[in-house]
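K.L.:
curious how this folds, go ahead:
(one chain, ligands or ions: 1)
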Amino acid sequence: MGSPRSLLLLTSAFLLLSVSSTSSFPTPELFTQCLEANSQNPIPFSTTFFTPNHNASFTSVLESTAQNLRYLLPSMPKPAFIFTPLEDSHVQASVICAKKLKIHFRVRSGGHDYEGLSFVSLIEQPFMIIDLTKLRSIQVDIAHNTAWVEAGATLGEVYYRISEKSPIHAFPAGVCPSVGVGGHITGGGYGSLHRKYGLAVDNVIDARIVDANGKILDRAAMGEDLFWAIRGGGGGSFGIILSWKIKLVQVPPIVTIFTVNKTLEQNANKILYKWQQVAPNIDEDLYIRVQMRVVNSSTQGKRTVQTSYISRFLGRADRLLQLMEKKFPELGLTKKDCLETSWIKSVPYIYGFPNTTSPEILIQRTLSGKMYMKAKTDYVRQVIPETALNSIWRRFMQDDEAVMTWVPYGGMMSKISESTLPYPHRKGVLFESQYVATWFDGEKSMQKHMNWVRRLYDFMTPYAPRFPREGYVNYRDLDLGMNHFNSTSFLRSSTWGFEYFKDNFIRLVKVKSEVDPSNLFRHEQSIPPLPLESFKD
Ligand code: FDA
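P.N.:
Next up is the predicted model:
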């Protein structure tokens, strides 16, 4: 493969690659007839196929898993129809028919895409949704430390079903239980175990996907290049994931959880400065995330920033206290802050539920509160000085509903090379920093909150890496750029491609060019295909 630079030069010759146009959109009847002709088994359309004019439940199906309410506003384009396959052959038929009838489609598993790309198309209308929510079986095989998980399952369901079979097995993935396995694992997937065991994608050993020809491929059939690409290259670019085979990891039967809050008046600045140096380097059994929000100060009528240190330790409280006393005494952790509990009970807690919450909450598919939101992300590689933290607080306090979260890296994340998988944010990352603006009054205060988060991101520029500034494909951010209507461009997509994947972007483009040269799987930030000759030296 040529160097990134030579490829850039090569490809500047054909900036725009046209994709098939959807000028005359087929009727729903045409599509369902095609599905029937291409599916192994009959399809009960009354419960799987939804159009705005024929089904009263169309809106509730559309809204069911859509997480970011910003993308459900009346001004947002709505799908012409939604299909919810019940079996693999229905998914194959969807791909075959969408391709044959030139129907632009989006694929949805858990609906948590930050920019709604699984259920809204900003660049091509009309469009349809293939929603995998009904493909959600989970087969746990404790004897072999593995599980097969269908794309429509949620992380909470995966964690819960594993715990039903064993109290000492787990899977390292995201902290939010309602996130879908289909989208999450395609982008990386970090949680409270990544310092010990790496990302979700680091623990995937096989997968089944439907490719651009409607064929089902497992790892052996798809080959190592495509298997590499789907483990971190982002959803919606290479095919439809039907299921993942995941490797289970060991956790102790008893873990310790704690949350310690510190406001600015309680020395939050100094403690956070120290956290940046400690949290990425401390024992891999310990995960301490910091969540920051604006709260009432103890001084009447004033506002302050509260930093919450939310933690899980893979061990008992005594060992944790010794470790904290030695490495991070500034936090002032005491025995009464600590609660020893089972692994599975710690899962809802680490997301933000009270420590009395029953694990059954993990199998309620829609548990996280929906809201209007806009988020931006950085990977921080250098400690932010105390003086800068003071300035950050001044910016931060300009939005009352804002949340900033810092997630420590290090540990196993530093031991896996940047190119092992498409997710490149590994060695040298101290923490991932996320800025989230949320609101509840729809369009009314939207601009104010969006502006705030963009200003904060701009303000953080000196503390983030440059060339590229790094971002996370699973925290999709359309401010970084997007494909245009009916066209993708290598140069245009380089703006977000290198931020999400660093140099792995080039290999992703090559894989895309091989497996989906006609760009069937596309969206606002999908990986663009190029003519394969571009990759010859
Ligand atoms: P959704 O269905 O919206 O899909 C996301 C993308 O993947 C879309 O482009 C979609 O087309 C594509 N896609 C979906 N299913 C596919 C399939 N079967 N095959 C191919 N492509 C598919 N992340 C993290 O790493 N750690 C965390 O702790 C959290 N926490 C978190 C909390 C909350 C409240 C939100 C909203 C999000 C997170 N995330 C996260 C981010 C999350 O990992 C990311 O949004 C995932 O893409 C969501 O996957 P879903 O299947 O839910 O989304």
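K.L.:
name the spans of this structure whose pLDDT lies under the cut-off.
P.N.:
Low-confidence regions of the chain, defined here as pLDDT under 70, cover residues 1-23, 366-368, 485-488, 537.
K.L.:
helix, strand or coil for the residue nearest the centre of it?
P.N.:
With distances taken as CA atoms, centre = their mean, the residue of the chain nearest its centroid is N474 (3.1 Å). Under DSSP: H, G, I helix; E, B strand; the rest coil, N474 falls in the coil class.
K.L.:
OK, contacts around it?
P.N.:
N474 makes contact with G183, H184, G187, G188, G189, G234, according to CB atoms under 8 Å, 6 or more residues apart in numbering. For the C-beta atoms, the positions are set from N, CA and C on the backbone; glycine is no exception.
K.L.:
out of those, which touch the ligand?
P.N.:
Near the ligand, judged by CB under 6 Å from any ligand atom, the entries from these are G183, H184, G187, G188, G189.
K.L.:
save those residues as CSV, and put in neighbour count and secondary structure too.
P.N.:
Supplementary listing: the ones next to the ligand among the contacts of N474 in CSV, determined by neighbours: other CB atoms under 10 Å; DSSP: H, G, I helix; E, B strand; the rest coil:
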residue, neighbour count, secondary structure
G183, 26, helix
H184, 27, helix
G187, 25, helix
G188, 28, coil
G189, 27, coil
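K.L.:
would you mind naming what in the protein lies close to the ligand?
P.N.:
The chain has residues 67, 106-114, 117-118, 132, 151, 174-176, 179-180, 182-184, 186-191, 235-236, 240-241, 368, 474, 523 near the ligand, with proximity defined as CB under 6 Å from any ligand atom.
K.L.:
show me those residues that map onto helices.
P.N.:
Taking DSSP state H, the ones among the residues of the chain next to the ligand that sit in helices are G182, G183, H184, T186, G187.
K.L.:
just to revisit the earlier point, of the contacts of N474, which is the nearest to Y71?
P.N.:
Taking CB to CB as the measure, Y71 lies nearest G183 of the contacts of N474, at 14.1 Å.
K.L.:
how about the strands of the stretch 201-350 of the chain, start to end?
P.N.:
Listed in chain order, the strands of the stretch 201-350 of the chain (DSSP state E, counting those that start in this stretch) span residues 204-210, 216-217, 240-247, 249-250, 254-263, 286-296, 303-313, 339-342.
K.L.:
now the fourth one, how far from the centre of its chain.
P.N.:
The offset between the C-alpha centroid of strand 249-250 and the centroid of the whole chain comes to 22 Å, using CA atoms, centre = their mean, to the nearest Å.
K.L.:
ok, the last one next?
P.N.:
Averaging C-alpha coordinates over strand 339-342 and over its chain gives two centres that are 28 Å apart (CA atoms, centre = their mean).
K.L.:
and if you look at the second one?
P.N.:
Relative to the centre of its chain, strand 216-217 is centred 24 Å away, using CA atoms, centre = their mean.
K.L.:
name the nearest of the ones next to the ligand among the contacts of N474 relative to the ligand.
P.N.:
Closest approach to the ligand among these (CB to the nearest ligand atom): G183, at 2.4 Å.
K.L.:
show me the contacts for the nearest residue to the closest one once chain neighbours are set aside.
P.N.:
Closest residue to G183 in three dimensions, ignoring its sequence neighbours and counting by CB to CB, 6 or more residues apart in numbering: G235, at 4.5 Å. G235 makes contact with V107, S109, D113, S118, G182, G183, T186, G187, I241, according to CB under 8 Å, 6+ apart.
K.L.:
which other helices and strands contact the helix or strand where M373 lies?
P.N.:
Under DSSP states H and E, the secondary-structure element containing M373 is strand 372-380. Counting contacts by 3 or more CB pairs under 8 Å, 6 or more residues apart in numbering; DSSP states H and E, strand 372-380 packs against strand 431-439, helix 446-459.
K.L.:
list the neighbouring strands of that strand plus their orientation.
P.N.:
When sheet partners are counted by DSSP bridges, strand 372-380 sits next to strand 431-439 (antiparallel).
K.L.:
the partner strand: which residues count as buried?
P.N.:
With burial defined by 16 or more other CB atoms under 10 Å, the residues of strand 431-439 counted as buried are F431, E432, S433, Q434, Y435, V436, A437, T438, W439.
K.L.:
who does the first one bridge with?
P.N.:
Here F431 sits in beta bridges with V380, P408, going by DSSP bridges.
K.L.:
likewise the last one?
P.N.:
With beta bridges defined as DSSP bridges, W439 has these partners: Y372.
K.L.:
for A221, see how far away it is.
P.N.:
Computed with CB to CB, to the nearest Å, the distance linking W439 and A221 is 46 Å.
K.L.:
before we move on, the earlier item: which of the contacts of G235 has the most neighbours?
P.N.:
Of these, T186 is surrounded by the most neighbours, 33 neighbours in total, counting by other CB atoms under 10 Å.
K.L.:
verify the stated contact: that one with G234.
P.N.:
Yes: with contact defined as CB atoms under 8 Å, T186 reaches G234; the gap is 6.0 Å.
K.L.:
got a list of what S118 touches?
P.N.:
Each residue near S118 by CB under 8 Å, 6+ apart is listed here: R106, V107, R108, S109, G111, I129, G183, G235, G236.
K.L.:
try 6 Å
P.N.:
Contacts of S118 were listed using CB atoms under 6 Å, 6 or more residues apart in numbering, and they are R106, R108, G111.
K.L.:
W393 sits in which helix or strand?
P.N.:
Per DSSP H and E: W393 is located in helix 386-396.
K.L.:
list the buried residues in that helix.
P.N.:
Neighbour counts using 16+ other CB under 10 Å place L389, I392, W393, R395, F396 of helix 386-396 among the buried residues.
K.L.:
ok, now stretch 280-293?
P.N.:
With the criterion 16+ other CB under 10 Å, stretch 280-293 contains buried residues 280, 282-293.
K.L.:
thinking again about what came up before, Serialize the strands of the stretch 201-350 of the chain to a markdown table and add fields for distance to H425.
P.N.:
Below are these laid out as a markdown table (distance: least, CB to CB, whole Å):
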| stretch | distance to H425 |
| --- | --- |
| strand 204-210 | 18 |
| strand 216-217 | 28 |
| strand 240-247 | 21 |
| strand 249-250 | 21 |
| strand 254-263 | 26 |
| strand 286-296 | 16 |
| strand 303-313 | 21 |
| strand 339-342 | 30 |
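K.L.:
great, nothing more from me.
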